[in-house]
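[1] need coordinates for the below:
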Amino acid sequence: MADDAQKKVDPDPKTTNIKDELTEVVSLKHVNLLIGEYIPFGVNHIVAFNEKLGSYMRVKSALLTQVIDDDPGGSQFAIPSVLTEVQVKNFDRNDFVEFDATIHYPEAPGIVQVENFGVHVNSSGKILYGMQLESVGGRPADHVSIDHLSRVLADVVLDSSQLMDTMLTDYQRRLVDLTFFGKGENRDKYTFILAKGVAPDVPAKEYMDGEDRENELRQVLDTFQGVYDLLDGSKMLVGTHGSILISKDPGKYELVASEYSFLMSLDIFIQNFFSRLFMMNDSVKDIKKLIDTSEEDPNAIEKAQSELSNSTSDAVLLGEILSYLEESASVLSAEWAEFSKALDPAVKQAASVLTIEARVDAVKEQVKDMKHIVDGLLKSLEGLSRMNETINQRQMRRFQSTLEDNARTMEDMVKTSDRTSSGVAIMEMILSGTLVFELISMFSGDQTFPIAKQEGDLLSTMGWALTSVGIWAMGSALLFWVMKWLGDRSEPALVLRLKINQKFNPEALKAYLAKREVTTEDLDLTGGLARKKLMWKYNDNIFWEELPKWGKHKVVINLFYDEKTGYILNALVEVPMPGEMKLPEAKAAFLGELIEENVIAPPRE
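    So this is what the prediction gives:
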């Protein structure tokens with residue numbers, strides 16, 4: 001542009017951290033900023049908001065911070081300068097609150113930034129931030145560069161989000177994060193800039209030149225939607241994310257500017273909400289695909305259940321957001337119908353070129369349309385839930401059939417084992433009798449009994465036979481007792497199962513396991529978790545050592561924990577050899593090790 005004087009601005013490194021080489025084409029005079037955003041609100045939320053601000057107190061001021069006290073029991077609470085000073089100006093318990101906020105967030109060394117703006121919050125979700133620029137980059141208020149203004153706006157948008165998030169409920173923060181894809185702290189807002197003058201002062205259409213002027217203004221307006229010269233000589237430049245109104249009396253346009261800012265911020269919220277619905281639709285397709293491949297992928301059903309649970313929870317929250325949007329659209333429509341009755345011709349022209357009335361009707365139609373989408377999404381998830389339940393039932397029937405087959409097999413095995421046990425018992429009796437009779441024959445020197453010819457010989461023969469049978473019975477009983485004793489020793493004498501479910505210190509656990517000879521390690525990565533099972537032994541040698549907590553007992557430890565969540569789940573302690581150790585002693589010994597090694601925290605008294 002040959003007729004524009006482009007000024008090259010060299011930023012002062014002592015007063016700014018801007019590293020770009022700036023060229024100034026357009027500047028504004030005496031700028032007021034009006035930033036609008038929409039957050040789901042209701043009467044109960046505005047009541048809680050007033051309580052958090054201390055609106056009911058005689059001295060209506062407070063210092064707010066997002067910093068969490070890590071030592072609530074301590075006598076000191078030291079934090080960096082990230083406080084916001086809030087002073088309530090006006091409020092209605094169930095409807096709105098207006099307050100001044102002074103930001104004390106830290107800046108880079110050498111940078112001085114005083115940020116004080118007024119905030120209006122009402123129960124329909126309308127939030128407006130107002131600010132007057134006194135000086136930017138060392139420039140006076142009658143010379144505000146668009147380059148500097150764009151950076152101020154970016155800073156104010158982020159700081160206002162941080163301020164508001166401090167006072168919102170957890171439920172509201174969850175709704176905002178869901179709508180803005182988990183980046184609620186970086187959510188967008190709509191900016192309306194009111195200025196008393198502009199340089200160069202040319203007709204509005206000349207700012208859309210497709211060159212330097214338009215490119216510079218797009219830093220604060222984004223895409224141009226229109227430029228207008230109003231009846232009183234004012235100029236209006238309208239963009240998708242910001243608007244500029246230049247007027248000798250900008251105050252009379254504040255009502256229209258505030259309504260339009262809120263209307264456009266509501267539109268930004270709806271656009272993100274609509275995009276979130278499409279993402280949910282993609283999630284539904286992914287879940288359907290997982291269910292369809294459940295026969296091929298053994299992990300598909302578990303993944304589908306997890307995603308279905310998360311998607312259903314999100315869909316319910318989206319339905320709740322939609323109900324807030326319906327109420328806000330209704331309030332906005334009634335509010336604008338009331339405001340539009342008392343507008344002077346120039347302001348009415350501004351409202352007309354901004355198409356506020358048409359946009360209000362469009363918002364109502366958008367919300368109505370999205371209701372069908374949300375209802376369809378919920379029905380789709382309900383159908384997927386039934387499909388998933390059907391798959392689970394089919395797998396349960398297969399599992400039950402397998403259990404029945406296994407039970408029949410086990411029954412046959414038990415019958416076979418009973419027959420084998422009976423045969424083995426008979427063989428043991430025969431072998432024990434044979435052994436006893438061989439011993440009797442060896443000690444008596446005769447292997448046969450003489451045939452009794454007289455009564456005395458008969459009694460002697462019968463006595464000897466009864467004695468042999470008695471010795472055989474005692475030998476068999478002794479043999480059965482020895483077999484039972486050996487069987488009992490093969491069973492674990494002590495088995496302790498501990499359910500811990502407690503957070504562990506990863507570094508301490510690593511050091512603790514490094515001192516153990518781990519012989520078995522199993523890792524289960526199902527469901528996005530990382531569950532580990534480790535096994536090690538104490539005194540697993542011939543010459544036992546005296547351990548501080550276990551003595552000379554031979555012990556087998558199985559530890560189960562989840563690396564991803566940081567929880568020790570449970571433990572299994574076995575003492576294979578019988579001894580004097582009891583269950584309470586084994587429990588105290590194992591938990592005592594974990595506590596002494598700082599793996600887990602000691603129990604609270």
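[2] those helices in the stretch 351-500 of the chain, which residues are they?
    All helices of the stretch 351-500 of the chain, identified by DSSP state H, counting those that start in this stretch, fall at 356-444, 455-490.
[3] now swap in the chain and tell me
    Counting by DSSP state H, one finds helices in the chain at the ranges 43-53, 146-167, 170-179, 212-221, 254-292, 300-339, 345-353, 356-444, 455-490, 506-514, 583-596.
[4] of those, which shows the lowest average pLDDT?
    Per-segment mean pLDDT for the helices of the chain reaches its minimum on helix 455-490, at a mean of 69.
[5] who's in contact with Leu128?
    Residues counted as contacts of Leu128 (Cβ atoms under 8 Å, 6 or more residues apart in numbering) are Leu34, Ile35, Gly36, Val119, His120, Ser258, Ser261, Phe262. In this view, the C-beta of every residue, glycine as well, is placed from N, C-alpha and C.
[6] show me which of the residues you listed is closest to Asn539.
    Of all the contacts of Leu128, Val119 has the smallest distance to Asn539: 69.4 Å, by Cβ to Cβ.
[7] pull the contacting residues for that closest one.
    Glu98, Phe99, Asp100, Ala101, Ile127, Leu128, Tyr129, Gly130, Ser160, Leu163.
[8] the first one contacts Asp92, doesn't it?
    No. Glu98 lies out of contact with Asp92 (Cβ atoms under 8 Å); the separation is 9.6 Å.
[9] quick one on the thing from earlier: so how do I select the buried members of the contacts of Val119 in ChimeraX?
    This is the ChimeraX syntax for the buried subset of the contacts of Val119, where burial follows 16 or more other Cβ atoms under 10 Å:
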select :98,99,101,127,128,129,130,160,163
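[10] between the helices of the chain, which gets nearest to Asp201?
    Closest to Asp201 of the helices of the chain, according to Cβ to Cβ: helix 212-221, at 12.2 Å.
[11] and Ser261, how many neighbours does it have?
    26 (other Cβ atoms under 10 Å).
[12] what about the residue lying closest to it once chain neighbours are set aside, distance to Leu479?
    Using Cβ to Cβ, 6 or more residues apart in numbering and skipping the chain neighbours, the partner closest in space to Ser261 is Gly36 (3.1 Å). Distance, Gly36 to Leu479, using Cβ to Cβ, to the nearest Å: 95 Å.
[13] do the same with Met164
    With the distance defined as Cβ to Cβ, Met164 ends up 85 Å from Leu479.
[14] one more: Arg151?
    In this structure, Arg151 and Leu479 are 96 Å apart, going by Cβ to Cβ.
[15] look at those two and report which has more neighbours.
    Neighbour totals were compared for Arg151 and Leu479, and Arg151 leads with 19 against 16 (other Cβ under 10 Å).
[16] I'd like to know how many residues surround Gly182.
    10.
[17] one step back: can I get the contacts of Leu128 in a markdown table including distance to Leu378?
    Shown next, in a markdown table, are the contacts of Leu128 (distance: Cβ to Cβ, whole Å):
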| residue | distance to Leu378 |
| --- | --- |
| Leu34 | 37 |
| Ile35 | 34 |
| Gly36 | 31 |
| Val119 | 35 |
| His120 | 34 |
| Ser258 | 35 |
| Ser261 | 33 |
| Phe262 | 29 |
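[18] closest to Lys499 among the residues you listed?
    Val119 (50.0 Å).
[19] partners of that closest one in the sheet?
    Phe99, Tyr129 (DSSP bridges).
[20] let me have the helices of the chain in JSON lines, extended by distance to Glu206.
    Output for those, formatted as JSON lines (distance: least, Cβ to Cβ, whole Å):
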{"stretch": "helix 43-53", "distance to Glu206": "45"}
{"stretch": "helix 146-167", "distance to Glu206": "15"}
{"stretch": "helix 170-179", "distance to Glu206": "39"}
{"stretch": "helix 212-221", "distance to Glu206": "7"}
{"stretch": "helix 254-292", "distance to Glu206": "23"}
{"stretch": "helix 300-339", "distance to Glu206": "32"}
{"stretch": "helix 345-353", "distance to Glu206": "17"}
{"stretch": "helix 356-444", "distance to Glu206": "26"}
{"stretch": "helix 455-490", "distance to Glu206": "99"}
{"stretch": "helix 506-514", "distance to Glu206": "64"}
{"stretch": "helix 583-596", "distance to Glu206": "76"}
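[21] out of those helices, the one nearest Thr191 is which?
    The closest of the helices of the chain to Thr191 is helix 146-167. By Cβ to Cβ, the value is 5.6 Å.
[22] which neighbouring elements make contact with the strand ranked longest in the chain?
    For the chain, the longest strand by residue count, based on DSSP state E, is strand 27-38. Counting contacts by 3 or more Cβ pairs under 8 Å, 6 or more residues apart in numbering; DSSP states H and E, strand 27-38 is packed against strand 126-132, strand 144-145, helix 146-167, strand 190-199, helix 254-292.
[23] dump those to CSV, plus distance to Gly470.
    Formatted as CSV, those follow (distance: least, Cβ to Cβ, whole Å):
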stretch, distance to Gly470
strand 126-132, 102
strand 144-145, 119
helix 146-167, 92
strand 190-199, 107
helix 254-292, 74
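[24] highest average neighbour count across these?
    strand 144-145 (a mean of 23; mean count of other Cβ atoms under 10 Å).
[25] nice, that's everything, thank you.
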